[in-house]
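Peer 1: Kindly generate the corresponding structure for this input.
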Amino acid sequence: MNDIMIAPAPVDPEAELDRIARRYKAAGGLGIQLLNTLGAQADGLLSRLPDPVRKQLDAASKAALLYALDAASQSRNVVPDQAEWLNRAVSSAMGAAGGFGGLPTALAELPVTTTLLLRVIEGVAVEHGFDPNTESVRFDCVQVFAAAGPLEHDDSADLAFLSARVALTGAAMQAVIARVAPRLAIVMGQKLAAQTVPVLGAVAGAATNYAYTSYYTDIAHVHFGLRRLAIEADQPHDQMVARLKDQVKRLK
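Peer 2: Take a look at the predicted model:
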């Protein structure tokens with residue numbers, strides 16, 4: 001199945017690879033670094049969550065992803081893709097609202113935030129010429145949630161850039177969601193924990209949503225930008241990942 005919807009104007013391969021490499025480096029910016037630092041505190045933000053909530057995070061993340069897949073796709077028929085600054089603003093407002101009422105509202109906000117993030121990722125796919133209605137692109141959009149980028153291999157499987165094209169069935173998508181959900185659970189668990197902090201819950205919710213929306217937007221641009229470049233250059237995806245790795249090293 002052809003997942004290309006509209007072919008964007010051709011780009012200079014070397015210039016585009018440099019742009020992708022710079023965006024890859026920028027993705028792990030100050031906001032994400034701060035959140036990671038908070039998450040690694042000795043007292044542990046996740047320890048703030050009740051035991052039942054921590055045990056249910058994986059299941060909640062799977063449910064949120066399944067809900068988001070349908071909701072994000074259906075919303076495309078009603079609401080057009082928005083500018084990146086507006087996506088961040090809306091996400092921040094949702095995080096503030098979710099954190100205002102503490103854990104109950106934060107839990108209720110989780111599937112809505114996941115839907116917005118997936119919709120943002122789909123919008124980036126469209127920007128790079130891919131059709132988010134095709135199964136292969138939907139497959140990739142979900143994988144972006146597990147991404148630390150195409151050069152990250154810390155879970156012994158390149159979840160962000162799974163190059164093998166399995167049969168894209170409902171069962172295959174369920175398998176991908178099952179693998180992605182634990183990563184998303186860590187992200188959302190940290191966010192929920194931050195939102196339970198008395199008084200600061202709304203501020204924490206807005207800040208974390210802003211940071212994560214920015215991060216996933218950048219990673220989606222890297223993901224689909226590299227996919228598009230591999231197609232245009234008629235090069236194997238693994239080879240393009242290796243070239244990106246070398247380019248990132250040169251930027252250090």
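
Peer 1: Grab the longest helix from the chain for me.
Peer 2: In the chain, taking DSSP state H as the definition, the longest helix is helix 201-233.

Peer 1: what's downstream of it, the next helix or strand?
Peer 2: The first helix or strand that comes after helix 201-233 along the chain, using DSSP states H and E, is helix 237-251.

Peer 1: In that next one, which residues are buried?
Peer 2: Across helix 237-251, burial judged by 16 or more other C-beta atoms under 10 Å covers 237, 240-241, 243-244, 247-248. Glycine gets a C-beta too; all of them are placed from N, C-alpha and C.

Peer 1: quick check, Arg22 in a helix?
Peer 2: Yes: secondary structure of Arg22, determined by DSSP: H, G, I helix; E, B strand; the rest coil: located in a helix.

Peer 1: Quick check: the gap between it and His221.
Peer 2: Plainly put, Arg22 is 11 Å away from His221 if you go by C-beta to C-beta, to the nearest Å.

Peer 1: Neighbour count: these two, which is higher?
Peer 2: His221 (22 against 14; other C-beta atoms under 10 Å).

Peer 1: which residues touch that one?
Peer 2: 20, 23, 124, 127-128 (C-beta atoms under 8 Å, 6 or more residues apart in numbering).

Peer 1: switch to 10 Å and redo it
Peer 2: 19-20, 23-24, 26-27, 84, 121, 124-125, 127-128 (C-beta atoms under 10 Å, 6 or more residues apart in numbering).

Peer 1: Tell me which of these fall in helices.
Peer 2: Checked against DSSP H, the contacts of His221 include these in helices: 19-20, 23-24, 26-27, 84, 121, 124-125, 127.

Peer 1: ok, those vs Gly225, which is closest?
Peer 2: Taking C-beta to C-beta as the measure, Gly225 lies nearest Ile20 of these, at 4.7 Å.

Peer 1: shouldn't the closest one be in contact with Leu226?
Peer 2: Yes: with contact defined as C-beta atoms under 10 Å, Ile20 counts as touching Leu226 (5.8 Å).

Peer 1: burial measure for Gly129, as a count.
Peer 2: Using other C-beta under 10 Å: Gly129 sits among 18 other residues.

Peer 1: separation between it and Leu200?
Peer 2: Remark: distance between Gly129 and Leu200 (C-beta to C-beta) = 42 Å.

Peer 1: Throw the contacts of His221 into CSV and include pLDDT, thanks.
Peer 2: Below are the contacts of His221 laid out as CSV (pLDDT from 0 to 100):
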residue, pLDDT
Arg19, 91
Ile20, 90
Arg23, 88
Tyr24, 85
Ala26, 82
Ala27, 79
Glu84, 88
Ile121, 92
Val124, 94
Ala125, 93
Glu127, 91
His128, 91
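
Peer 1: out of the residues you listed, which are buried?
Peer 2: Using 16+ other C-beta under 10 Å, the buried members of these are 19-20, 23-24, 27, 84, 121, 124-125, 127-128.

Peer 1: Show me which pair in those residues is furthest apart.
Peer 2: Arg19 and Ile121 (18.6 Å).

Peer 1: where does this protein have low pLDDT?
Peer 2: For the chain, the stretches flagged by pLDDT under 70 are 1-11, 28-48, 146-172, 197-199, 252.
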